[in-house]
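Asks: Dropping a prediction and its sequence here:
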Amino acid sequence: MTDVRLLVQRFDPLTDEKPRFAEYSVPKREGMTVLDALLYARDYLDHSIALRFSCRQASCGSCGMKINGRLRLACYTQVEELGGEKVVAQPMDNFEIIKDLVTDLGSFFAKHKQLMPYVLRSDSQEMDHPSAEFLMKPEELEKVLQFTYCIKCGLCTSSCPTVGTDALFPGPQALAQAYRYLSDERDEGGKRRIDALDTAHGVWRCHYAGSCSAVCPKGVDPALGIQLLKRHVMSGKARSEGAEVWKQQAAAAPPLK
Ligand code: SF4
């Protein structure tokens, strides 16, 4: 079998002024993934390459990166599906680079937590000392099921043009998870969650580019979740500043031709 040309973007913010590409020649084998190629390069050619990975089976979301210009999981992308000759690995956009292919996901997880991705109940006694499971009916589970497949890889947030221009925007992952819990029949934390996302930098900043859904490796449709979230807020469950601003802008916009 021939070798594959592997180009890895290298950048250490502590020592480098700007990113550069390093090229490695990696022996190809059947079924080789991009992660396999990167690990071969790191183990046998250059120990200094920095990358993050864990499960190797598209479950943990650690190895998200830009591969041949598209956001993907390295463990879930075969070299052969990229043409088998050249692989270009770069870190995800919209996040600070820690080193090479490793990005800082601190803000991503902070936004995820900010929208309270868990069932909230008004009875604090039951929250702290649950007496039983809060069961879901199968038809209720069906409504939110796809959003539970999220592995928090960050690819959708990396692809989002609004995240790229507004650091306070929660991003598609956090908003889709907010919808997942808002639409859960067991949840009683609607107002708290809506107050956190119905702001000038919140849900209304989504312009429905749709790139989040296009790159998700788990079949989640965050763009759909965000549109359903807007409907949820507008439906009268909560009306506040963000929705009002959006309605005023919509009323002032020129008519569509
Ligand atoms: S919605 Fe998809 S792309 Fe976004 S973090 Fe979850 S699994 Fe990754």
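Replies: That came in fine, so what should we check first?
Asks: Helix, strand or coil: sort out the residue of the stretch 1-150 of the chain found nearest the ligand for me.
Replies: Proximity to the ligand, evaluated over the stretch 1-150 of the chain using C-beta to the nearest ligand atom, is greatest for residue 150 at 3.2 Å. Where C-beta positions appear, they are placed from N, C-alpha and C, glycine not excepted. Assigned with DSSP: H, G, I helix; E, B strand; the rest coil, residue 150 falls in the coil class.
Asks: Find the nearest non-adjacent residue to it, please.
Replies: Among residues not flanking residue 150 along the chain, residue 220 sits closest, at 5.3 Å (C-beta to C-beta, 6 or more residues apart in numbering).
Asks: can you pull the contacts of that neighbour?
Replies: Taking C-beta atoms under 8 Å, 6 or more residues apart in numbering as the criterion, residue 220 is in contact with 146-147, 149-150, 156, 176, 213.
Asks: Check residue 93 too.
Replies: Going by C-beta under 8 Å, 6+ apart, residue 93 touches 66, 71, 158-159, 164.
Asks: now swap in residue 152 and tell me
Replies: So residue 152 contacts 61, 108-109, 112, 173 (C-beta under 8 Å, 6+ apart).
Asks: about what we covered before: wait, a strand at the residue nearest to residue 150?
Replies: No - secondary structure of residue 220 (three-state DSSP): coil, not part of a strand.
Asks: still on that earlier bit, what's around the residue of the stretch 1-150 of the chain closest to the ligand, how many residues?
Replies: 22 (other C-beta atoms under 10 Å).
Asks: is it true that it touches residue 176?
Replies: Yes - at 7.0 Å, residue 150 and residue 176 qualify as touching, with contact defined as C-beta atoms under 8 Å.
Asks: Surely residue 126 is in a strand?
Replies: No - counting by three-state DSSP, residue 126 is not found in a strand; it is helix.
Asks: Tell me how far it lies from residue 78.
Replies: Per C-beta to C-beta, to the nearest Å, residue 126 is found 48 Å from residue 78.
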